[in-house]
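Got a sequence here, can you build the structure:
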Amino acid sequence: MSRKVLLPTLVASLLLSLGAVAAFARATNALGSWKLDLGKSSYGSMRAPKSEEMTITTDTRDALAWSLKGMTADGKTYTESYDGPIDGQYHPLASDEPGMTVAYTRAPKGNVTWTIKDKTGAVFETGSAMVSANGKTLKLKGTMQGPNGKSNFVSVYRKAQ
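From the prediction side, this is the model:
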């Protein structure tokens, strides 16, 4: 192979590899604790929680583990957690609501999308998550089935540690 062909091929290969590493780094900078910023969040027709804190312990291309603790607008506490694959298949979601399942997929840029089904198999929530370029903000956007019908939400979390 001539040098004129080899050098551009090597440069292109290196750039693709760096792009893949950068995408993976963006996908994994979600690790740590996150606190809900109520001032930046919106919940449509749903009542906003008083507080939420999420801890993400695993965030790889193929797996995710997180736990969430929160308090409803009327002061009741709740918890949810997930520890499993990102494979587009439904897996149990540990929740105060029994029988919930979630399916996660990961987009090429690293952000995660999900669909949650309730115990009857009906879609309860869909959404996506993205970490800001500086790694200090986690934004969850989606649609949830609430007591007043479907409602869009945006939950903005700030990195706590």
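
C-alpha only now, for contacts and for neighbours.
Fine.

What are the neighbouring residues in contact with S45?
148, 151 (C-alpha atoms under 8 Å, 6 or more residues apart in numbering).

secondary structure class for it?
coil (DSSP: H, G, I helix; E, B strand; the rest coil).

Repeat that for the one 4 residues further on.
Each residue gets one of three states, and P49 gets coil by three-state DSSP.

List the residues that contact it.
70-73.

Which one (most neighbours) among those?
G70 (19 neighbours; other C-alpha atoms under 10 Å).

Residue ranges in the protein under the pLDDT threshold?
1-28, 161 (pLDDT under 70).

can you give me the strands for it?
With DSSP state E as the criterion, the chain has strands at 32-36, 51-59, 63-71, 77-85, 91-92, 94-95, 101-106, 112-117, 123-131, 137-146, 149-159.

May I see the buried residues of the fourth one?
The reference is to strand 77-85. Residues 79, 81-85 are the ones in strand 77-85 that count as buried (16 or more other C-alpha atoms under 10 Å).

mind putting the residues you listed in a markdown table, distance to I116 included?
Shown next, in a markdown table, are the buried residues of strand 77-85 (distance: C-alpha to C-alpha, whole Å):
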| residue | distance to I116 |
| --- | --- |
| T79 | 15 |
| S81 | 13 |
| Y82 | 12 |
| D83 | 14 |
| G84 | 14 |
| P85 | 14 |
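
out of everything not next to it in sequence, what's closest to M54?
L68 (4.4 Å; C-alpha to C-alpha, 6 or more residues apart in numbering).

now the one you found: how far from N134?
Look at L68 and N134: by C-alpha to C-alpha, to the nearest Å, they are 23 Å apart.

swap in L31?
Taking C-alpha to C-alpha, one finds L31 at 13 Å from N134.

which one of these two has more residues nearby?
Set L31 next to N134 and count neighbours by other C-alpha under 10 Å: L31 wins out with 20 against 8.

Skipping adjacent residues, who's closest to the most centrally placed residue in the chain in space?
Nearest to the mean C-alpha position of the chain, by C-alpha atoms, centre = their mean, lies A129 at 3.7 Å. Once flanking residues are discounted, A129 sits nearest to L140: 4.5 Å by C-alpha to C-alpha, 6+ apart.

neighbours around the one you found, how many?
Neighbours around L140, by other C-alpha under 10 Å: 18.
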